[in-house]
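> sharing a sequence plus its predicted fold:
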Amino acid sequence: AGPTIWHEGFENGVPAKATNVGTGVVVTSESGAHSGTRRFQFVGDTDPATVSSLTFVLDLAGYEAGSLEFANKFNSGIEGDDVATVMVWAVDDPLQQKSVVTLPFANQPSGDWVITTIDLPAELSDQQLNVSFTADFNSASSDTWSLDDLSFVATPVPEPVSLSLLILGVIPALVRRRFS
C-alpha cells in the first residue's frame with residue numbers, strides 16, 4: 001500500500017475541517033472507543049427529513065488512490081428501514097457523476113468493532129475527495145453507529161523527473177552493452 005497520509009481518532013472532538021450534520025456526537029468512554037478514549041457516534045432516531053452525516057475533505061494531490069480504513073460498530077442491530085453508508089467522490093464532481101464508492105452496511109453484527117477497508121479506484125487519484133459517513137435511522141433512539149480510527153493509506157504518484165532520470169540512466173547502459 002503506502003504510508004498513512006491521514007488519521008482521525010476523534011481524541012480532540014470533531015475536527016474543524018469536518019462537517020457534522022444531524023445526530024452525530026463525539027462520545028468519551030475508555031471502554032467504548034476502539035482506541036484512545038473517544039469515538040464518533042450517530043444516534044437514532046434521526047430526523048426523516050435530514051440524513052445525519054460526517055463529511056471530510058481529503059487532499060490526495062500527489063497520491064494515488066489508496067484505501068480508506070476505519071473501525072465501526074453498531075451498538076444495536078440496524079433494522080430493515082435503517083441505512084448506514086460510506087461514500088467517497090471527487091470534490092470537483094458535486095453531482096457525483098464520476099467514480100463514486102458507496103458502501104452500505106446491512107446485517108453487520110452489533111456490539112463488536114469491525115475494521116472496514118475500502119480500496120478506491122484509480123480515477124480518484126491525485127485530487128481532493130469527499131469522504132462521507134451517513135446514517136439514516138428511522139427507528140428507536142437505541143440505534144447507534146460508532147466510528148473510530150479513520151485512516152487513509154496511499155502511495156505517492158511517481159514524479160515525472162524521477163522517471164526521466166531512470167530512462168536517461170538506462171539508455172546509455174543499453175547502448176554501451178550493445179557495442180561491447
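Yep, it's here.

> in the sheet, who's paired with residue 156?
residue 63 (DSSP bridges).

> make that residue 67, sorry
Beta bridges link residue 67 to residue 119, residue 153, judged by DSSP bridges.

> which residues touch it?
Residues counted as contacts of residue 67 (CB atoms under 8 Å, 6 or more residues apart in numbering) are 1, 117, 118, 119, 120, 152, 153, 154. (C-beta placed from N, C-alpha, C; glycine too.)

> check residue 25 too.
Applying CB under 8 Å, 6+ apart, the residues near residue 25 are 40, 41, 43.

> mean confidence score for the helix or strand where the first one lies?
Looking back up the chat, that one is residue 40. Per DSSP states H and E, residue 40 falls inside strand 38-43. Here strand 38-43 scores 93 as its mean pLDDT.

> also stretch 112-119?
Summarised as a single mean, pLDDT over stretch 112-119 is 90.

> and the residue most central in space within the chain, how far from residue 12?
Among the residues of the chain, the one closest to the centroid is residue 68, at 4.1 Å (CA atoms, centre = their mean). In this view, residue 68 and residue 12 are 20 Å apart by CB to CB, to the nearest Å.

> what of residue 61?
Residue 61 sits 25 Å away from residue 12, taking CB to CB as the criterion.
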